[in-house]
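[1] have a look; sequence and predicted model below, questions after that.
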Amino acid sequence: MPAESPQFGCFTLQQASPATIVFLSDVGQDGQPARKRKVHTKSRLGCAGCKARRVKCDEEQPCRSCVRRNQECVRCCKALRKPSSSIHTQRQHSPRAADSSPPRPALEVALMNKEHLRLLHHFEAFTSKTFIMEPETWKHAVIKLALQNEFLMHAIFLVTATHLQYLQPHETRHRIVALQNLSQALPGFRNAIDKLSGSKEYSMEMAEALIACSLLLLQYSWNFDSEVWNRDGSLTGLYRGMMAITLSCLDEVREGSLSPMLRYSPRLHIEQRMRIAGTAYKVDDVPLHILSCTKISNIQPENSSDFLDPIERLNSILWALGPDRSGSTDLDLELPAARYLFNLPNWLPGGFIQLVTMNDGRAQTLLLYWFAAISRLRSERFWWMKERALYLFDEVSLGLGNRCVECTSRAHEILRRED
């Protein structure tokens with residue numbers, strides 16, 4: 001893997017000494033950072049509530065503090081790794097014997113508390129079905145990987161709590177649970193990346209766990225409550241980070257459970273359907289006008305392919321989502337189109353990305369069409385994607401103003417068609 005850790009926008013933890021790192025679990029009910037207090041190191045098996053309040057937990061289940069506050073006592077995953085009495089005895093009398101014992105799963109199902117089991121059940125039964133990447137793979141193979149990799153389990157809990165927050169917006173505890181699991185997933189995720197940096201050999205299971213975790217974090221970043229989109233370069237940083245991890249681990253996962261999901265190409269799927277439908281592929285007049293318009297931007301692209309490639313990709317996506325496409329009556333291209341939209345930033349040319357970071361009007365207009373296309377997704381399966389896209393459509397549209405109505409009019413028509 002690359003020596004430099006991939007950037008994950010606001011998910012990149014500050015490289016600092018442990019005394020100066022502030023984790024996202026140190027937040028109040030309003031999501032703001034809580035008052036920093038001296039870390040208490042003696043209670044290692046305390047509950048999440050006591051840790052968030054920075055008070056000592058009596059380590060009972062439930063603890064007296066949570067009973068007094070009339071709230072659910074949620075155990076941190078570090079507490080789940082409490083050794084059994086036999087292993088504890090071995091460590092006291094024979095440290096070498098304990099070191100030579102086979103590794104145990106990071107999270108043992110029998111030791112999970114009710115909150116973990118509730119989240120895991122909701123993930124398997126509901127949240128996994130809202131992913132655009134092979135729900136069955138997430139329900140079985142990824143959960144198995146998570147039992148061996150604690151950071152991946154926390155990422156699963158993160159997206160599940162976020163889904164529950166969407167379904168029950170007035171229940172504030174879902175956001176707190178999400179932030180707690182985000183703060184616990186990130187250190188383990190980064191440590192796993194650091195350990196593999198420069199390593200020539202590592203297991204297929206670890207490679208798949210890293211890819212799965214990066215996909216979960218990327219999906220979480222689309223959540224409207226996430227602040228990742230408010231950071232400079234976060235859009236490209238998150239996607240480039242996921243791509244760097246996937247490409248670094250590709251050789252190890254070719255025969256793994258994630259291989260079919262990674263090999264699938266939504267672009268080829270849609271273009272094959274276009275040929276079956278007898279649709280002649282062409283770039284329509286509006287995107288071509290964007291390419292040559294001097295009102296929308298006075299910066300002329302050095303390489304026209306930096307814009308032609310995104311235009312061609314957006315055209316095929318809009319065809320797949322259009323109401324008047326021809327073909328067989330059971331042709332359903334919404335899922336391939338959604339996968340294409342989700343992965344689109346991975347395939348944007350470097351020159352286009354550079355113009356996006358410069359707030360170039362031409363590049364911003366194509367982003368406007370991207371967000372409009374996402375708004376065309378009708379299924380509730382894509383709850384995590386649409387709200388953010390609508391918000392960003394309004395933001396980009398406001399920034400473009402009335403520079404050129406001809407450039408932006410079709411994007412607004414696509415959005416109104418959804419309304």
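    Structure received. Residues are numbered from 1 along each chain as shown.
[2] can you give me the buried ones in the longest helix belonging to the chain?
    Of all the segments assigned as helix in the chain under DSSP state H, the longest by residue count is helix 173-196. Of the residues in helix 173-196, those with enough neighbours to count as buried (16 or more other C-beta atoms under 10 Å) are 173-186, 188-190, 192-193, 196. The way it works is simple: take the backbone N, C-alpha and C, and place the C-beta from them, glycine included.
[3] now swap in stretch 118-128 and tell me
    Of all the residues in stretch 118-128, those buried under the rule 16+ other C-beta under 10 Å are 118-120, 122-124, 127-128.
[4] show me what contacts the nearest residue to Phe131 once chain neighbours are set aside?
    Computed as C-beta to C-beta, 6 or more residues apart in numbering, the closest residue to Phe131 that is not its neighbour in sequence is Trp138, at 5.5 Å. If you count contacts by C-beta atoms under 8 Å, 6 or more residues apart in numbering, Trp138 has them with 123, 128, 131, 212.
[5] distance check, Trp138 against Asp306.
    Between Trp138 and Asp306 the distance is 35 Å, computed by C-beta to C-beta, to the nearest Å.
[6] swap in Gln364?
    The gap separating Gln364 from Asp306 is 14 Å, by C-beta to C-beta.
[7] please apply the same query to Met206.
    When Met206 is compared with Asp306 (using C-beta to C-beta), they lie 36 Å apart.
[8] now Arg175
    Distance check for Arg175 against Asp306: by C-beta to C-beta, it reads 39 Å.
[9] now do Met204
    Distance, Met204 to Asp306, by C-beta to C-beta: 36 Å.
[10] then Arg416?
    In terms of C-beta to C-beta, Arg416 sits 29 Å off from Asp306.
[11] just the pLDDT for Leu377.
    What the model reports as pLDDT for Leu377 is 86.
[12] could I have the CA atoms of the helix or strand just after the longest helix of the chain written out in CSV?
    Moving toward the C-terminus from helix 173-196, the first helix or strand encountered (DSSP states H and E) is helix 204-221. Extracted C-alpha coordinates of helix 204-221, given in CSV (Å, rounded to 0.1, in the frame of the first residue of the first chain):
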residue,chain,number,x,y,z
MET,A,204,-7.5,-11.3,1.9
GLU,A,205,-9.8,-10.8,4.9
MET,A,206,-8.0,-7.7,6.0
ALA,A,207,-8.0,-6.3,2.5
GLU,A,208,-11.7,-6.9,2.2
ALA,A,209,-12.3,-5.3,5.6
LEU,A,210,-10.5,-2.2,4.6
ILE,A,211,-12.4,-1.9,1.3
ALA,A,212,-15.8,-2.5,3.1
CYS,A,213,-15.0,0.0,5.8
SER,A,214,-14.0,2.7,3.2
LEU,A,215,-17.3,2.1,1.4
LEU,A,216,-19.3,2.5,4.6
LEU,A,217,-17.5,5.7,5.5
LEU,A,218,-18.1,7.0,2.0
GLN,A,219,-21.8,6.2,2.2
TYR,A,220,-21.9,7.9,5.6
SER,A,221,-20.4,11.0,4.2
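[13] where does the stretch 301-419 of the chain dip in pLDDT?
    Residues of the stretch 301-419 of the chain meeting the criterion pLDDT under 70: 323-331, 417-419.
[14] residue contacts, Ser259?
    Contacts here follow C-beta under 8 Å, 6+ apart; on that basis Ser259 touches Val253.
[15] where's it relative to Asp251, distance?
    With distances defined as C-beta to C-beta, the gap from Ser259 to Asp251 amounts to 11 Å.
[16] pretty sure Ala209 is touching Glu150, no?
    No. When contacts are counted by C-beta atoms under 8 Å, Ala209 is not listed as touching Glu150 (9.9 Å).
[17] ranges for the strands of this structure?
    Taking DSSP state E as the criterion, the chain carries no strands.
[18] in the protein, where is pLDDT below threshold?
    Screening the chain residue by residue with the criterion pLDDT under 70, one finds the ranges 1-44, 76-112, 198-201, 224-236, 279-287, 323-331, 417-419.
[19] nearest the geometric middle of this protein, what residue?
    Note on the chain: the residue nearest the mean C-alpha position is Leu218, at 2.0 Å, using C-alpha atoms, centre = their mean.
[20] what sits against that one?
    238-239, 242.
[21] in stretch 137-146, what counts as buried?
    137-139, 141-143, 145-146.
[22] which parts of the stretch 201-350 of the chain are helices?
    Assigned by DSSP state H, counting those that start in this stretch, the helices in the stretch 201-350 of the chain fall at 204-221, 234-253, 259-263, 266-277, 285-292, 305-321, 334-343, 350-357.
[23] can you say which of the ones you listed is nearest to Arg376?
    helix 305-321 (4.3 Å; C-beta to C-beta).
[24] that closest one packs against which elements?
    Using 3 or more C-beta pairs under 8 Å, 6 or more residues apart in numbering; DSSP states H and E as the contact criterion, the secondary-structure elements in contact with helix 305-321 are helix 266-277, helix 285-292, helix 334-343, helix 350-357, helix 361-375.
[25] list the buried residues for it?
    Using 16+ other C-beta under 10 Å as the test for burial, helix 305-321 gives 306-321.
[26] between helix 361-375 and it, find me the angle.
    Helix 305-321 runs at 20 degrees relative to helix 361-375, counting by axes from the mean of the first three to the mean of the last three C-alpha atoms, to 10 degrees.
[27] with just CA atoms, put helix 305-321 into CSV.
    Taking C-alpha atoms only, helix 305-321 is exported to CSV below (Å, rounded to 0.1, in the frame of the first residue of the first chain):
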residue,chain,number,x,y,z
SER,A,305,-11.7,15.5,-23.0
ASP,A,306,-11.7,16.7,-19.4
PHE,A,307,-15.3,17.8,-20.0
LEU,A,308,-16.4,15.5,-22.8
ASP,A,309,-15.9,12.4,-20.7
PRO,A,310,-18.1,13.6,-17.8
ILE,A,311,-20.7,14.8,-20.3
GLU,A,312,-20.8,11.4,-22.0
ARG,A,313,-21.2,9.7,-18.6
LEU,A,314,-23.9,12.0,-17.5
ASN,A,315,-25.8,11.6,-20.8
SER,A,316,-25.9,7.8,-20.4
ILE,A,317,-27.1,8.1,-16.8
LEU,A,318,-29.8,10.5,-17.7
TRP,A,319,-30.9,8.2,-20.5
ALA,A,320,-31.2,5.4,-18.0
LEU,A,321,-33.3,7.5,-15.6
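[28] thanks a lot, see you next time.
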